[in-house]
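Engineer: got a predicted structure plus its sequence, pasted below:
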Amino acid sequence: MCGICGQFNFADSAPVQRRTIEKMANSIAHRGPDDDGYYIAGPLGLGFRRLSIIDLAGGHQPMSDPEESVWVIFNGEIYNFPELKRELEGHGHVFRTTSDTEVIVHGYKQWGKEVLNRLNGMFGLAIWDTHKRRLIVARDPFGIKLIYYKIENGRVCFGSEIRPILAATNDGAEVDPGSLNLFLRYRFTPSPYTMYQGVRKLAPGTMLTFEDGTYKLERWYRYAPRPFSPAKSAGEAQEELTELYKQSMKRHLLADVPLGLLLSGGVDSGLLLALMNLYGKGWRTYTVGYGSSFADDELTDAEETAAMFSANHTPVLLDRKTFEAALPKIVACLEEPVASSSIVPMYFVCQRARQDVKVALMGQGPDELFGGYRRHLGVRYSEWWRGLPKAVRGTVGSAIAALPRNETLKRGLYSLDIADRMKRYQQVFSLMPAEKIDGLFPDGMLGPDPGDKILECWQDLAELSSETDELGGFQFLELRSTLPDELLMYADKLSMAHSLEVRVPFLDKEIVEFVERLPANLKVRNGSQKWLHRQVCQTLLPKKILRRKKRGFAVNVVDDWFRGAIGNKMDEILLDRESLIYQYLRPSAVQEMLKQHKSGEQDNHKVLFSLIVLEEWIRAHRSVAEVASGN
């Protein structure tokens, strides 16, 4: 695990300056405090900051083969590297380390670009082929790790975060109004876009190849799930999923440093602890709590779970004063705005865990894989709705449209009648109709249909998911867009802010590819969500854990704090025409939205809260820009 960065003048032979690469690497020193390394060769420069996890003595990067024909910098973990190493040794490759990085080096020599499809893990990496003068920059299939880049005037700068790019270009990068529009509509900025003009992020499963003075962006991970034939019975699916969970856990526990678990009181992280106990005991666990006076505090539940599995448990107490004081700093850590209360407890639980461990597992994934959110119910039963007579749908739709609030329900119902699959999914993700979001911007600031740029981001995913059912197609999109661009993005940034590696065993490649071939009735059955996942849980968890309601790190009390902290600033910021958001938005349009919300006419809280987070982010962005430009 580390931070990587680099610069390549691919259109000419202008040499890269070592001091530039060092400046880029130093901007992400928090990602790798244990070691640094550099490779400079004419127009190419690679930089590396290391957090030592595997092969503490021999995992230095940039890493090459003995002939120095292939160089690699790599952020992440390759969980199947022991098997790949044995296979490559069978082909005659000789290894000098026990590091997973070296598998990428020799794997590229053996298989070329195809090595990416053989890797089971999380990664953002760069491969330099000295003979072909080829640079490959790639991101893992589900976007657990990030790669940002900027291509300008025949030069590419890239890194694990945006900071190295700003450091290399010595400019602050202007805010992109089109990306700002996407954020307000979807609460995240879809790859390849970022909030900075000219700065892009690789979409999950894609790569950039620079060769012969030009470059190509393509999707290397082109897995297209097809339903099992013959279809698996519920018993067969449960048995196979259980084994996949066990094997994934065994792989994800591979480390030469202390390892722990971010534990909630629910079933997903509880199942992780049960699986961990198959391979060891006395694991360290960490849970955020907010005080015994709150009914939704999950410390008690988590402590009970930890005790059941003999874990060494540590509570992390968070109060409202600390929460509000930390919010601006945490928003700055993210580099891109996220309007979610989860970011604050995530920041603090990672900070505490890092005092004891270098690696922590977390339970992200089952909600997206098995349909754990309310939106999945609507998608699951949408075909039933479309099968109703048009007159019935019209009557019900009119009644719902007449309700004064319930914007989420209105958007969901509207989406069900859209014939095009990707446009239907787009509306499920949208907070508001396009015309309302677009109307916040001054005339001429946006291009045509800016919110529909997300459809361009998904364009090549439609073909790959063509054989999935309605719910499966939606989840296929979530796992390659919303999950990596929002939840996994902030998990990476907030954990690495404390030099902590976070792993997500439920997003193991073998698990995802198996689940994506299953039908909807094994995921959401008779209104019961995450059905097959919960069947596995029943075999490994006590009934007391299974009966608990879902809370997660962002429990209701934190949501209330978040809304309170933002609500206290809402009038102050939105009514002040000097607020920084009004460099991009029309004050009258924003204030009309606020008025409608306060009157109860519409429920606009999601967009209004996003605007306040955006204001915090712009303030942080201005400070970052000043540092990058040396002002």
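Structural biologist: Perfect, I can see it now.

Engineer: could you list the low-pLDDT ranges of the stretch 301-450 of the chain?
Structural biologist: 384-416 (pLDDT under 70).

Engineer: lowest average confidence across helices and strands of the chain, where is it?
Structural biologist: Confidence across the helices and strands of the chain bottoms out at helix 390-401, with a mean of 56, counting by mean pLDDT, DSSP states H and E.

Engineer: show me where the stretch 451-600 of the chain has its helices.
Structural biologist: Secondary structure of the stretch 451-600 of the chain, counting by DSSP state H, counting those that start in this stretch: helices at 453-457, 459-464, 470-480, 482, 488-496, 509-515, 531-540, 543-546, 556-574, 587-599.

Engineer: could you list every residue that touches the closest residue to Glu335 other than its chain neighbours?
Structural biologist: Among residues not flanking Glu335 along the chain, Ile162 sits closest, at 4.7 Å (CB to CB, 6 or more residues apart in numbering). Just so you know, the C-beta spots here come from the backbone N, C-alpha and C atoms, and that holds for glycine as well. By CB atoms under 8 Å, 6 or more residues apart in numbering, the contact set of Ile162 is Tyr148, Ala173, Thr194, Tyr196, Val199, Glu335, Glu336.

Engineer: checking the third one next. Helix, strand or coil?
Structural biologist: Three states are possible here, and by DSSP: H, G, I helix; E, B strand; the rest coil the one that applies to Thr194 is coil.

Engineer: hang on, it packs against Tyr148?
Structural biologist: Yes: counting by CB atoms under 8 Å, Thr194 sits close enough to Tyr148 to count as a contact (6.8 Å).

Engineer: what's the farthest-apart pair in the contacts of Ile162?
Structural biologist: Ala173 and Glu336 (12.0 Å; CB to CB).

Engineer: so between these two, which is more surrounded?
Structural biologist: Comparing Ala173 with Glu336 by neighbour count (other CB atoms under 10 Å), the higher total belongs to Glu336, at 25 against 21.

Engineer: against Asn181, how distant is that one?
Structural biologist: 14 Å (CB to CB, to the nearest Å).

Engineer: with Ala126 instead?
Structural biologist: 31 Å.

Engineer: neighbour count: the two, which is higher?
Structural biologist: When neighbours are counted by other CB under 10 Å, Ala126 comes out ahead of the other of Ala126 and Asn181, with 27 against 24.

Engineer: quick one: pLDDT of that one?
Structural biologist: We have a pLDDT of 98 for Ala126.

Engineer: repeat that for Thr482.
Structural biologist: Looking at Thr482, the pLDDT reads 92.

Engineer: how close does the residue nearest to the spatial centre of the chain sit to Lys113?
Structural biologist: The centre of the chain sits closest to Leu488, judged by CA atoms, centre = their mean, with a distance of 2.2 Å. Going from Leu488 to Lys113 by CB to CB gives 24 Å.

Engineer: if you count neighbours, what's buried in stretch 107-114?
Structural biologist: For stretch 107-114, a neighbour-count test (16 or more other CB atoms under 10 Å) marks Gly107, Tyr108, Lys109, Gln110, Lys113 as buried.

Engineer: packing partners of the lengthiest helix in the chain?
Structural biologist: Assignment by DSSP state H gives helix 605-628 as the longest helix of the chain. For helix 605-628, the elements it packs on are helix 163-169, helix 177-186, helix 320-334, helix 556-574, helix 587-599, judged by 3 or more CB pairs under 8 Å, 6 or more residues apart in numbering; DSSP states H and E.

Engineer: can you pull out the strands in the stretch 151-300 of the chain?
Structural biologist: 155-159, 200-201, 206-211, 214-219, 259-262, 284-289 (DSSP state E, counting those that start in this stretch).

Engineer: how about a markdown table for these, with distance to Val103, mean pLDDT and mean neighbour count added?
Structural biologist: Shown next, in a markdown table, are these (distance: least, CB to CB, whole Å; pLDDT from 0 to 100; neighbours: other CB atoms under 10 Å):
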| stretch | distance to Val103 | mean pLDDT | mean neighbour count |
| --- | --- | --- | --- |
| strand 155-159 | 22 | 97 | 25 |
| strand 200-201 | 25 | 97 | 22 |
| strand 206-211 | 18 | 98 | 20 |
| strand 214-219 | 23 | 97 | 13 |
| strand 259-262 | 21 | 97 | 25 |
| strand 284-289 | 29 | 92 | 25 |
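
Engineer: who wins for proximity to Val502 among the ones you listed?
Structural biologist: Ranking the strands of the stretch 151-300 of the chain by proximity to Val502 (CB to CB) places strand 259-262 first, at 7.4 Å.

Engineer: what's the closest one packed up against?
Structural biologist: Using 3+ CB pairs under 8 Å, 6+ apart as the test, strand 259-262 ends up in contact with helix 267-276, strand 284-289, helix 343-353, strand 359-361.
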